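> Quick one, what's the 3D model for this:
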Amino acid sequence: MIYNRELLQPKLCKVCQVEDEYIYPIFKNASSSIFEMSKKVYVNKQISSIDCITVYIRNAESRFNSGVTTYLEHNKDLDKNTLITLIERQELINSHFMPQYLWLHNLSKHYKGNLHIKDFNDINFTIDRNYTLIKENVKITQDWMNIDNAILKGFKNIITTFKDINHYLKIKHRTLYKKCIVQD
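Numbering: from 1, shown residues only. Modelled structure (predicted):
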């Protein structure tokens, strides 16, 4: 697998305060808008003192398409067909299209408290929704898409914890959990 560990598991975990809400910005889930609107950014140990963090989860397929588009736009100097082949084989991953579950996992290293899971489509502030779908036929990594969509479906508008999300996936989506999350 080709990836930059610092991009996928950054040492600096950030949570933004937007008005009275603390939001964990996930790439391709309005993160740029969230950072622009934030009045304060909390990092690493500072995050643990927050009572509840909002996490906007996006439909996995839509986010994947948008994320791959962004990645291809940022890497125009590389051969697009090779990149698409590597993405389809799951040999190339980037923070713009990696599973949202992995973003939550990274947050869980710094925060054990409550998460308010919200649907990306329910964002009630102005964001840049100017994203395009890729024109190339890129095969989506269905297992990870199913994990992310299960989180959205199972926890939309619910306050929970990362531990509870893992437990839910282990019980309700055992095969996916074993395939994607459990490392034997």
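> For the chain, which segments count as helices?
For the chain, the helices defined by DSSP state H cover 5-8, 31-37, 60-74, 80-88, 100-108, 142-155, 162-172, 174-176.
> In CSV, list these along with distance to E21, mean neighbour count and mean pLDDT.
For the C-beta atoms, the positions are set from N, CA and C on the backbone; glycine is no exception. Shown next, in CSV, are the helices of the chain (distance: least, C-beta to C-beta, whole Å; neighbours: other C-beta atoms under 10 Å; pLDDT from 0 to 100):
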stretch, distance to E21, mean neighbour count, mean pLDDT
helix 5-8, 26, 12, 58
helix 31-37, 10, 17, 94
helix 60-74, 21, 19, 91
helix 80-88, 33, 15, 93
helix 100-108, 15, 20, 95
helix 142-155, 17, 18, 95
helix 162-172, 19, 15, 96
helix 174-176, 30, 12, 90
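> Please produce a markdown table containing the ones you listed, extended by distance to I123.
As requested, the helices of the chain are exported to a markdown table (distance: least, C-beta to C-beta, whole Å):
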| stretch | distance to I123 |
| --- | --- |
| helix 5-8 | 24 |
| helix 31-37 | 8 |
| helix 60-74 | 13 |
| helix 80-88 | 27 |
| helix 100-108 | 15 |
| helix 142-155 | 14 |
| helix 162-172 | 20 |
| helix 174-176 | 27 |
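> among these, which is nearest I50?
helix 100-108 (10.9 Å; C-beta to C-beta).
> and K45, which of the helices of the chain is closest to it?
The nearest among these, by C-beta to C-beta, is helix 100-108 at 13.2 Å.
> What are the contacting residues of that closest one?
8-10, 13, 15, 24, 26-27, 29, 47, 53, 55, 57-58, 60, 63, 115, 144, 147-148, 151, 162-163, 165, 180-181 (C-beta atoms under 8 Å, 6 or more residues apart in numbering).
> Restrict it to CA atoms and write it as PDB.
Output of helix 100-108 as PDB, limited to C-alpha atoms (Å, rounded to 0.1, in the frame of the first residue of the first chain):
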ATOM      1  CA  GLN A 100     -14.100   8.100   7.500                       C
ATOM      2  CA  TYR A 101     -13.800   5.300  10.100                       C
ATOM      3  CA  LEU A 102     -10.000   5.800   9.900                       C
ATOM      4  CA  TRP A 103     -10.600   9.500  10.700                       C
ATOM      5  CA  LEU A 104     -12.700   8.500  13.700                       C
ATOM      6  CA  HIS A 105     -10.000   6.000  14.800                       C
ATOM      7  CA  ASN A 106      -7.400   8.800  14.600                       C
ATOM      8  CA  LEU A 107      -9.600  11.100  16.800                       C
ATOM      9  CA  SER A 108     -10.000   8.200  19.300                       C
END
